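**Q** Provide a 3D model corresponding to the input given below.
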Amino acid sequence: MSRMAASLAHLGRTAEAQEMAQRILKLNPTFRISTSRKGQYPDKHIAHLQDGMRLAELPD
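**A** As a prediction, the model looks like this:
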């Protein structure tokens with residue numbers, strides 16, 4: 001779901017990205033970008049993915 005929020009944010013679909021972020025936080029109130037699935041993605045993609053999550057207003 002966090003990848004979906006990031007993707008929507010990068011596409012400029014901010015309202016949908018923020019709605020997805022709220023769903024994530026409702027299911028997992030302790031979700032943080034900094035601890036989400038480290039090592040699951042290649043390092044060169046992490047920053048881009050995390051930037052999208054921030055645009056969706058997920059907490060660091």
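**Q** what residues does the helix or strand of the chain with the lowest mean pLDDT touch?
**A** Lowest on mean pLDDT, DSSP states H and E among the helices and strands of the chain sits helix 43-55, with a mean of 90. With CB atoms under 8 Å, 6 or more residues apart in numbering as the test, helix 43-55 has contacts from 2-3, 5-7, 9-10, 14, 17, 21, 33, 36, 41, 60. C-beta here means a position set from N, CA and C on the backbone, and glycine is covered the same way.
**Q** Show me just the buried residues among these.
**A** 2, 5-7, 9, 17, 21, 33, 36 (16 or more other CB atoms under 10 Å).
**Q** Pull the least confident helix or strand of the chain out as CSV, backbone CA atoms only.
**A** In CSV, the C-alpha atoms belonging to helix 43-55 read as follows (Å, rounded to 0.1, in the frame of the first residue of the first chain):
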residue,chain,number,x,y,z
ASP,A,43,19.2,1.4,-3.0
LYS,A,44,18.9,3.5,-6.1
HIS,A,45,15.1,3.3,-5.9
ILE,A,46,14.7,3.9,-2.1
ALA,A,47,15.1,7.7,-2.2
HIS,A,48,12.5,8.0,-5.0
LEU,A,49,10.1,5.7,-3.2
GLN,A,50,10.5,7.5,0.1
ASP,A,51,10.0,10.9,-1.6
GLY,A,52,6.7,9.7,-2.9
MET,A,53,5.7,8.5,0.5
ARG,A,54,6.5,11.9,2.0
LEU,A,55,4.4,13.6,-0.8
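**Q** Now compare the contacts of helix 43-55 and name the two farthest from each other.
**A** Farthest pair in the contacts of helix 43-55 (CB to CB) is Thr14 and Tyr41. Separation: 22.6 Å.
**Q** Tell me the secondary structure at Gly40.
**A** Actually, residue 40 is Gln. It isn't Gly. coil (DSSP: H, G, I helix; E, B strand; the rest coil).
**Q** What's the separation between it and Ile33?
**A** 13 Å (CB to CB, to the nearest Å).
**Q** Kindly report the same for Arg13.
**A** From Arg13 to Ile33 the distance is 19 Å (CB to CB).
**Q** Fine, thanks again, bye for now.
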